[in-house]
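Novice: sequence plus the predicted model coming up.
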Amino acid sequence: MRLEYTIEIEGLDGPSVIRGFQDIREGEYRIVCSLPEGHIRSVKATMPLILGENEKIFMNGYQTWTGCPEYSRRDKIRRCHLPRFINEKFGIDRYGDYFFVDYPEKAGVTHGESYCYFRAGQRYRLFGSLDERPGYTLFQYDARAGLLSISRDCAGLRCGGEFHAFDLFYAEGGEDQVFDRWFAAMGIKPRTTEKLAGYSSWYNRYQNIDEGSILSDLEGCARLLKSGDLFQIDDGWQPYVGDWLCTNGSKFPHGLKPIAEDIHRRGLKAGLWLAPFVCQKGSAIYEKHPDWLLQVEGKNWYCGSNWGGFYALDIDNPQVVAYLERSFRQIFDDWGFDLVKLDFLYAAAPFGSEQESRAGRMIRAMELLRRFCGDKLILGCGVPLMPAFGLVDYCRIGCDVGLDWANSWVMRRTNREYVSTRNAILNSIFRRQLNGRAFLNDPDVFFLREDNLKLSRDEKFILATVNSLFGALLLCSDDMSEYSPEARALYARLLENREAADVQVDADDGLSVSYTVGGIREKLEID
């Protein structure tokens with residue numbers, strides 16, 4: 001296969017173009033070009049790639065919540081189509097790649113970031129980036145034209161000297177073979193091999209938590225959870241999103257330190273949610289430190305409509321960095337938490353600069369978090385995936401699950417990051433190869449409860465089973481004290497599933513998962 005590339009530069013002496021080619025076989029390819037002084041306009045490449053009639057296509061989505069199943073040759077990826085005033089009010093396009101990636105919306109055209117594969121039965125053809133710091137590697141495949149296009153998201157970067165136009169890896173073979181080789185080429189290994197089971201407060205109480213409800217849930221969970229399991233307090237403990245140095249006094253009058261101590265007394269790990277790179281309107285950060293907010297074209301960068309609207313912080317501001325470092329020091333050293341769930345991380349890097357690509361900025365943000373947290377555990381969420389490789393211990397690989405199966409038809413037309421139990425399951429299956437290679441996968445929570453839920457019995461079983469087979473983090477979001485004997489038995493079965501052998505996915509004729517537990521072969525059919 002021949003990759004033909006073109007680099008367009010706006011040089012000091014006018015525009016110029018560099019062209020070249022690279023024959024692609026299995027292995028690593030680092031295409032490094034000497035560029036004149038100026039600014040990069042585009043870095044693009046194409047190569048012919050013919051697929052079999054039933055060959056499947058996987059394109060990795062931009063961030064953890066982005067839905068990315070396997071596609072057929074005839075599928076297309078849709079972007080959100082909403083009136084402009086709705087988009088501006090709710091920031092629908094700010095959650096994904098919509099404002100910097102083209103969506104042709106043509107049958108047979110799919111795209112993704114950082115890696116993709118083409119699968120014919122058990123044979124994979126994997127294309128992956130080896131380094132995203134110079135810019136996200138964007139893949140687009142046109143099945144009708146039989147053409148794979150690759151570009152580097154680096155427009156506007158100042159150049160002059162050597163530049164890594166592409167850092168690519170290509171392999172053919174079985175699933176484990178190609179992914180093992182890719183991660184070996186990158187030199188990336190997971191930071192931990194410890195699987196965790198436990199509890200998250202979010203999907204039963206959402207922000208309606210207080211000291212009493214958390215301690216009540218802790219009491220119930222302690223009856224089923226085992227020593228070393230995780231009890232994680234989610235959103236709702238803070239006065240406002242962005243204000244991390246104190247708790248909401250009316251909800252947690254004694255602070256969080258006594259609760260963390262109680263969690264530890266029960267032999268459990270204590271986890272806490274926060275969104276370090278954002279603040280909501282009305283927070284002390286937003287009101288008292290407007291200079292801390294990231295400015296784009298003279299305006300605060302609006303990240304979305306959660307909490308009535310929230311905005312990005314500027315990691316280039318030393319005061320922001322000092323504030324975050326102080327916040328993590330308090331959470332770990334003073335309050336005593338063992339793990340932080342860090343959410344909405346994509347907000348750190350909606351754009352790059354002349355000196356740094358969008359992806360490079362995101363990687364730098366993740367390195368900051370790793371430095372702040374030291375050896376403490378990080379669960380990443382809402383983050384572009386490859387910048388998190390090897391830097392977080394656990395990482396969400398799908399959207400939030402919902403209290404129903406597929407959300408409303410209205411939400412399904414907004415963006416690819418919407419809340420959906422079905423989409424979360426699909427991402428758990430089709431991003432399974434990252435588990436134990438980039439980090440340990442978090443598929444989000446499962447439910448065994450009977451109330452405050454619209455999932456059917458079968459839907460709950462599918463979600464819980466997929467999470468137990470493909471996730472290294474197995475969290476519920478129930479009051480476990482109310483589990484029936486049947487629910488307790490199912491919970492025990494889920495723990496056994498974590499040691500399942502010969503887990504096989506069949507995505508050629510519908511979607512099913514086969515696995516062996518306790519010497520018995522099981523098969524799970526997924527809608």
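Specialist: Cool, got the structure.
Novice: what's next to stretch 141-152, contact-wise?
Specialist: 3, 42-51, 57, 59, 73-74, 106-111, 116, 118, 127, 134-140, 165-166, 168 (CB atoms under 8 Å, 6 or more residues apart in numbering). For every residue, glycine as well, the C-beta is placed using N, CA and C.
Novice: repeat that for 6 Å
Specialist: 43-50, 73, 108-110, 135, 138-140 (CB atoms under 6 Å, 6 or more residues apart in numbering).
Novice: and it, what's buried?
Specialist: Using 16 or more other CB atoms under 10 Å as the test for burial, stretch 141-152 gives 141-143, 148-152.
Novice: also stretch 96-113?
Specialist: In stretch 96-113, counting by 16+ other CB under 10 Å, buried: 96-98, 100-101, 103, 108-113.
Novice: ok, now stretch 180-195?
Specialist: 181-183, 185-186, 188, 190-191, 195.
Novice: what's the answer for stretch 267-275, then?
Specialist: Under 16+ other CB under 10 Å, the buried positions of stretch 267-275 are 268-275.
Novice: out of the buried residues of stretch 180-195, what pair is the most spread apart?
Specialist: Greatest spatial distance in those: A185 and K195, 26.1 Å, computed using CB to CB.
Novice: contacts for the longest strand seen in the chain?
Specialist: Using DSSP state E to define each element, the chain has its longest strand at strand 27-48. When contacts are defined by CB under 6 Å, 6+ apart, strand 27-48 is touched by residues 1, 3-12, 18, 22, 146-152, 154, 156-160, 162-169, 185.
Novice: can you list the strands that it pairs with?
Specialist: strand 2-11 (antiparallel), strand 147-153 (antiparallel), strand 158-173 (antiparallel) (DSSP bridges).
Novice: can you find the helix or strand in this structure with the smallest mean pLDDT?
Specialist: Using mean pLDDT, DSSP states H and E, helix 409-412 stands out as the lowest-scoring helix or strand of the chain, at a mean of 79.
Novice: now the element after it, going C-ward?
Specialist: With elements assigned by DSSP states H and E, the helix or strand that comes after helix 409-412 is helix 421-430.
Novice: distance from that following helix to the middle of the chain?
Specialist: In terms of CA atoms, centre = their mean, to the nearest Å, the centre of helix 421-430 is found 12 Å from the chain centre.
Novice: so which residues of the stretch 201-350 of the chain form helices?
Specialist: Using DSSP state H, counting those that start in this stretch, the helices found in the stretch 201-350 of the chain span residues 202-205, 211-221, 257-265, 284-288, 318-329.
Novice: most tightly surrounded among those?
Specialist: Of all the helices of the stretch 201-350 of the chain, helix 202-205 has the most neighbours on average by mean count of other CB atoms under 10 Å, namely a mean of 21.
Novice: longest helix anywhere in the protein?
Specialist: When the chain is scanned for its longest helix (criterion: DSSP state H), the result is helix 358-373.
Novice: okay, the angle between it and strand 147-153?
Specialist: Helix 358-373 and strand 147-153 meet at an angle of 60 degrees, taking axes from the mean of the first three to the mean of the last three CA atoms, to 10 degrees as the criterion.
Novice: list the buried residues of helix 358-373.
Specialist: Those would be 358-366, 368-370, 372-373, for helix 358-373 by 16+ other CB under 10 Å.
Novice: which two in those residues are spaced the farthest apart?
Specialist: Across the buried residues of helix 358-373 (CB to CB), the longest gap, 23.3 Å, separates R358 and C373.
Novice: quick one, what contacts the residue nearest to L196 when sequence neighbours are not counted?
Specialist: Leaving aside its chain neighbours, L196 sits nearest to L230 (4.8 Å; criterion: CB to CB, 6 or more residues apart in numbering). With contact set as CB under 6 Å, 6+ apart, L230 has these partners: 196, 198, 269, 271.
Novice: so how far is the longest helix of the chain off the chain centroid?
Specialist: That offset, for helix 358-373, works out to 14 Å (CA atoms, centre = their mean).
Novice: hmm, who's touching that helix?
Specialist: 132-133, 135-136, 153, 315, 325, 328, 348-349, 351-352, 384, 387-388, 391.
Novice: would you mind giving the buried residues of helix 358-373 as JSON lines with distance to V503 and pLDDT added?
Specialist: Shown next, in JSON lines, are the buried residues of helix 358-373 (distance: CB to CB, whole Å; pLDDT from 0 to 100):
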{"residue": "R358", "distance to V503": "35", "pLDDT": "98"}
{"residue": "A359", "distance to V503": "32", "pLDDT": "98"}
{"residue": "G360", "distance to V503": "36", "pLDDT": "98"}
{"residue": "R361", "distance to V503": "37", "pLDDT": "98"}
{"residue": "M362", "distance to V503": "31", "pLDDT": "98"}
{"residue": "I363", "distance to V503": "31", "pLDDT": "98"}
{"residue": "R364", "distance to V503": "36", "pLDDT": "98"}
{"residue": "A365", "distance to V503": "34", "pLDDT": "98"}
{"residue": "M366", "distance to V503": "29", "pLDDT": "98"}
{"residue": "L368", "distance to V503": "36", "pLDDT": "98"}
{"residue": "L369", "distance to V503": "31", "pLDDT": "98"}
{"residue": "R370", "distance to V503": "30", "pLDDT": "98"}
{"residue": "F372", "distance to V503": "36", "pLDDT": "98"}
{"residue": "C373", "distance to V503": "31", "pLDDT": "98"}
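Novice: ranges for the strands of the stretch 101-250 of the chain?
Specialist: 109-113, 115-120, 123-129, 136-142, 147-153, 158-173, 196-200, 230-233 (DSSP state E, counting those that start in this stretch).
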